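> Next one to model:
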Amino acid sequence: MIVEALYYLAGIMVIVGALFSFVAALGIVRLPDLYTRMHSGSKAGTVGSGLTLLAIALVSFDGSVILRALLGFIFFMLTAPISAHLLARAAYVAGYRPAARFVVDDLENSNGLQSKE
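Residues are numbered from 1 along each chain as shown. Below is the predicted model of the structure:
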């Protein structure tokens with residue numbers, strides 16, 4: 001009975017993870033500029049893949065599979081936000097500006113970034 005409950009819970013986690021991954025893919029296609037696309041891909045994609053890995057860890061009764069799934073989950077949670085931030089900063093320094101409808105540009109006059117103008 002507990003095993004069946006774990007299977008149902010894992011199935012729900014996979015479905016929710018797939019929905020988050022779908023939202024991430026939709027955001028990458030539909031959002032207006034590089035920065036909002038990157039935000040969608042890094043946040044929703046990380047949650048989607050993390051939920052899928054946790055579901056795998058939940059239904060697997062093999063210790064090595066559980067360990068690898070949990071380590072993969074931790075790796076995603078630690079690296080995705082940092083890499084998205086660094087990619088966004090590099091894109092800004094390279095000259096890609098946010099969409100025109102975004103009014104505030106906090107990095108425009110900061111000392112840490114050099115303008116290419």
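
> Determine which residue lies closest to the centroid of this protein.
The centroid of the chain falls nearest to residue 42 when counting by Cα atoms, centre = their mean (2.6 Å).

> Model confidence for that residue, exactly?
In this prediction, residue 42 carries a pLDDT score of 90.

> Quick check: most distant residue from the centroid of the chain.
Outermost residue of the chain (Cα atoms, centre = their mean): residue 1, 34.1 Å.

> Can you say which helix or strand has residue 25 in it?
For residue 25, the element it lies in under DSSP states H and E is helix 2-30.

> Report all helices and strands that that helix contacts.
Here helix 2-30 touches helix 34-59, going by 3 or more Cβ pairs under 8 Å, 6 or more residues apart in numbering; DSSP states H and E. (Glycine included, C-beta is placed from N, CA and C.)

> Give the next helix or strand downstream of the helix it packs on.
As the chain continues past helix 34-59, the following element, by DSSP H and E, is helix 63-94.

> what's the burial count for residue 58?
17 (other Cβ atoms under 10 Å).

> Next, residue 60: phi, psi?
phi -80, psi 130 (degrees, to the nearest 10).

> Could I get the buried residue list for stretch 6-21?
Buried residues in stretch 6-21, counted by 16 or more other Cβ atoms under 10 Å: 10, 13-14, 17, 20-21.

> Stretch 44-61 too?
In terms of neighbour count (16+ other Cβ under 10 Å), stretch 44-61 has its buried residues at 44-59.

> any idea how far that stretch is from the chain center?
13 Å (Cα atoms, centre = their mean, to the nearest Å).

> Brilliant, that's me finished.
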